[in-house]
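In: Could you work out the structure for the sequence below:
(one chain, ligands or ions: 1)
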Amino acid sequence: MDKFFTQKYCDRCGGDLADGRTMSMFNTDCICKKCKQAEMERKDYKLACEEEKKAVEKGVKNYSGIGYKP
Ligand SMILES: [Zn+2]
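Out: As a prediction, this is how the structure comes out:
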């Protein structure tokens, strides 16, 4: 099975993923809801969404995001 669905801990903060998991908008990290919330509050979140949309429109498979800069 995909590591994304089997890993127990958040790639970013190491927190438990029991409460839910999601893919980062910035890279391919599997992150917890708290980290997702933090991403959404970043000022470059909109840019990350736009770049992802462009990649999808171009038919890019497995787009890995603009990169996460802490
Ligand atoms: Zn986390």
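In: which one is the residue most central in space within the chain nearest to, not counting chain neighbours?
Out: By Cα atoms, centre = their mean, the chain has its centre lying nearest to residue 24, at 0.5 Å. Spatial nearest neighbour of residue 24, excluding adjacent residues (Cβ to Cβ, 6 or more residues apart in numbering): residue 31 at 5.1 Å. C-betas here are computed from N, CA, C, even on glycine.
In: helix, strand or coil for that neighbour?
Out: Per DSSP: H, G, I helix; E, B strand; the rest coil, the secondary structure class of residue 31 is strand.
In: what sits against it?
Out: 10-13, 21-24, 39 (Cβ atoms under 8 Å, 6 or more residues apart in numbering).
In: and the ion, which of those reach it?
Out: Residues of those in contact with the ion (Cβ under 5 Å from the ion): 10, 12-13.
In: Widest-spaced pair of the contacts of residue 31?
Out: Farthest pair in the contacts of residue 31 (Cβ to Cβ) is 13 and 23. Separation: 15.2 Å.
In: re earlier: could you dump the ones next to the ion among the contacts of residue 31 to JSON lines with neighbour count, distance to residue 65 and secondary structure?
Out: What follows is these, written out as JSON lines (neighbours: other Cβ atoms under 10 Å; distance: Cβ to Cβ, whole Å; DSSP: H, G, I helix; E, B strand; the rest coil):
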{"residue": "10", "neighbour count": "21", "distance to residue 65": "16", "secondary structure": "coil"}
{"residue": "12", "neighbour count": "20", "distance to residue 65": "13", "secondary structure": "coil"}
{"residue": "13", "neighbour count": "12", "distance to residue 65": "18", "secondary structure": "coil"}
